[in-house]
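J.: Model the following, please.
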Amino acid sequence: MKKTFNKLRIRLFVSIVLVVSISFAQTTQPSNFSDDDLMSWFREARFGMFIHFGSTTPERLKDSDLTRTEKYEAGVREFNPVDFDAKEWVRIAKEGGVKYIVFTTKHHDGFSKWDSDLTEWDVMDQSVFKRDIVGELAEACKEAGIRLGFYYSIADWHHPEYDASYSNRNGFHFNPNPDADITKYMNFMYGQIKELCEKYQPSLFWFDGSAGFRDADRKRLLGMQEMVDMLNSYGAISNSRLGDDDDLKIVNYLSMGDNMIPAGDIGVDFEAAGTMNESWHFNAEDEDWKSEKRLLSNLVDITGKGGNYLLNVGPDDKGVIPDASVVRLKAMGDWLEKNGEAIYGTKAGPHPHDLGWGTITQRMDGGNTKLYLNVIDWPKNGTLKLYGLNNKVLDASLLISGEKLASETKFNAIAGLNVLTIKVPKSAPDPNVSVITLNIQGAVSMNQELMQQQDGTVLLDGYQSTIRDKEFIPGKPLRPLDHRVFTITKSGDGIKPTYGMTIQGLNQVGQALSWDFRLVEPGTYEVAIVSMINKNTDWKTDGRMRVTVAGQSVENKLKERERLDDPRQSDKLKNSISILGTVEIGAAGMQTLTLEVASDFVDTNPRIRAVQLLPVK
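T.: Below you'll find the model as predicted:
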């Protein structure tokens, strides 16, 4: 009787909240918080910790005859992370140099891990644990001075009013209700978001699972403007997965695709969320851990583009963060304790191209600028070169020790740019990432064209190309970067940016991509096409491509020579390298390279990642 009464009470309460929420959404004006008020802490932080944590199906029931829903609900009721300690989680984060935490308050499974007044399907009412995990974490973060953000899944595979046709993955709804009313669910969601804001004062909402709302008519149900206005009025910011708002028309910052890092500065506030192994939630069988060097390389790569790194941990069913995660976070914290000046509060580097050896971050220092050269691949010959820096270098030093380094700038008249040469120790100061500080005069000025790297490689990223379609398409941006597509594929004619920041639709004669770049060292180069492919997929292509540069053309099928890891993509994706031929470029300076379709691709549609010129020694 009590249970029935509680359900009726909750339904009545939800109905009241829904009316209040709808009224609030319709009448509240945008907040008085400025962009700096809302985003300054995010831009300062640069490093956050993601926590994926929730219930699992009990091992004894996995092979039982119970339905999927019954197995899942049993897992929720038996959820009992007896060793959960919010202060310990925060201590690990603090020791790792983390400035904010994003916690999964409600994942796709619908289980709310706080004491929600709007549902009984929460940790207090359903589980044997009966502790407000979100509340304890909020208190621990406040005490430690760490910002707290909330992951909240728009999709809900358990809620009876969540229409299964809106699910972000086909067939994943646990118990579809043919009479579900999605508008009732959306109002419930709105009420829960408001409740989280008022109870715990989060700084950020990390929405996910909105794939079912990509149709324009469905997207209206999300009430994106009203939602962001409400969040901003509470001082919280929203990520772009609320309605896949990649061009940031409404939301505050961009979420990249999972484990994805852009190849260059994309010109917006963004965050790259990534895993330490291949799993988001705890998986005892997943031992494919990334090295400390890989994780630190990701951090400086992302920060060098002006973004934040949100690194995930998955506590086990007892609520304990695995030792492998703790060790890696501790290593990152130790590095940040010595080199954090190059990360926290810095801006994107002044280079729009890939440097090969690492990235640059920067900050103003009075009327001058500090550049931090975050060197991943330390030069073995004792010399680091930086092309195109036009400022006077006041001094150069190792950040970790303050040791002064000799440097010299010379103008290369043939290549048409300045070349800064820094004498560095033969051994790297840090085994993972070493930082060189350059104090330069005034605001930084650096050549903005794509440029050859110190090792002689030229990397021409697909997103930085210019599109030449077979036919003129009115209103279509000519640069893939200007399409503002970073997480999902959008429809469109001709050549277009697609999944994983690659280029697709380059498959008919008459289509091409082109790049302007500056060559520093003339020589002989292999022309490599970099395509993206799933790691377990066989390579197949049926067309031919042609590259023209410096008055020479090479043409061939895309025959895979090798398949390589791409640290800027999910481990499930690989770079397929195809060699078209060899060219001789006899002059330094500005060059134009064109990649065009030489014969149609009929049954295949390659996803082009980049073109590389590889020096032949």
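J.: Assign a three-state SS to Tyr190, would you?
T.: When classified by DSSP: H, G, I helix; E, B strand; the rest coil, Tyr190 comes out as helix.
J.: mind checking how far it is from Leu196?
T.: Here Tyr190 is placed at a distance of 11 Å from Leu196 (C-beta to C-beta, to the nearest Å). Every C-beta, even on glycine, is put in place using the N, C-alpha and C of the backbone.
J.: can you check Val444 too?
T.: Taken as C-beta to C-beta, the span from Val444 to Leu196 is 41 Å.
J.: Could you check which of these two has the larger neighbour count?
T.: The neighbour count for Val444 versus Leu196, taken as other C-beta atoms under 10 Å, is higher for Leu196 (24 against 21).
J.: Spatially, what comes nearest to the more buried one if we skip its sequence neighbours?
T.: Phe150 (5.8 Å; C-beta to C-beta, 6 or more residues apart in numbering).
J.: Now whichever strand or helix holds that neighbour: average pLDDT?
T.: For Phe150, the host element (DSSP states H and E) is strand 147-153. Confidence for strand 147-153, expressed as mean pLDDT, is 98.
J.: Give me the neighbour count for Lys318.
T.: When neighbours are counted by other C-beta under 10 Å, Lys318 registers 11.
J.: tell me the secondary structure for it?
T.: With three-state DSSP as the basis, Lys318 sits in coil.
J.: so how far is Phe84 from it?
T.: Separation of Lys318 from Phe84 (C-beta to C-beta): 7 Å.
J.: do Glu526 as well
T.: For Glu526, the distance to Phe84 - C-beta to C-beta - is 54 Å.
J.: hmm, back to that, in the sheet, which strands lie alongside the strand holding Phe150, parallel or antiparallel?
T.: Strand 147-153 has its sheet partners listed here by DSSP bridges as strand 100-106 (parallel), strand 204-208 (parallel).
J.: Mean neighbour count, distance to Glu285 and mean pLDDT added to those, as TSV?
T.: Formatted as TSV, those follow (neighbours: other C-beta atoms under 10 Å; distance: least, C-beta to C-beta, whole Å; pLDDT from 0 to 100):
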stretch	mean neighbour count	distance to Glu285	mean pLDDT
strand 100-106	26	21	98
strand 204-208	25	24	98
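J.: Redo the ones you listed as CSV? Include distance to Asn239.
T.: Conversion of these to CSV gives the following (distance: least, C-beta to C-beta, whole Å):
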stretch, distance to Asn239
strand 100-106, 9
strand 204-208, 5
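J.: For Ile440, find the nearest of these.
T.: strand 100-106 (30.7 Å; C-beta to C-beta).
J.: Surely Gly340 and Val98 touch.
T.: No. Applying C-beta atoms under 8 Å as the test, Gly340 and Val98 come out as separate, 11.4 Å apart.
J.: Let me see the domain layout of this structure.
T.: Using automatic domain parsing, the domain parsing of the chain gives 2-342, 349-447, 458-615.
J.: Of those, which shows the lowest average pLDDT?
T.: Taking the mean pLDDT of those, domain 2-342 comes last: a mean of 90.
J.: Centre of the chain to that domain, how far?
T.: Relative to the chain's own centre, domain 2-342 is displaced by 15 Å; criterion: C-alpha atoms, centre = their mean, to the nearest Å.
J.: quick one on the thing from earlier: of the strands paired with strand 147-153, which is nearest Tyr162?
T.: Ranking the strands paired with strand 147-153 by their distance to Tyr162 (criterion: C-beta to C-beta) puts strand 100-106 first, at 11.8 Å.
J.: Am I right that Leu61 is in contact with Arg77?
T.: No. The criterion here is C-beta under 8 Å, and Leu61 misses it with Arg77 at 11.4 Å.
J.: Next one: the residue nearest to Thr524 when sequence neighbours are not counted from Ala415, what distance?
T.: In space, and not counting its chain neighbours, Thr524 is closest to Val616: 4.3 Å by C-beta to C-beta, 6+ apart. Per C-beta to C-beta, Val616 is found 19 Å from Ala415.
J.: Repeat that for Ala164.
T.: Distance from Ala164 to Ala415, by C-beta to C-beta: 60 Å.
J.: list the contacts for the most centrally placed residue in the chain?
T.: The residue lying closest to the centre of the chain (C-alpha atoms, centre = their mean) is Ala272, at 2.1 Å. By C-beta atoms under 8 Å, 6 or more residues apart in numbering, the contact set of Ala272 is 256, 259-261, 298, 302, 307-310.
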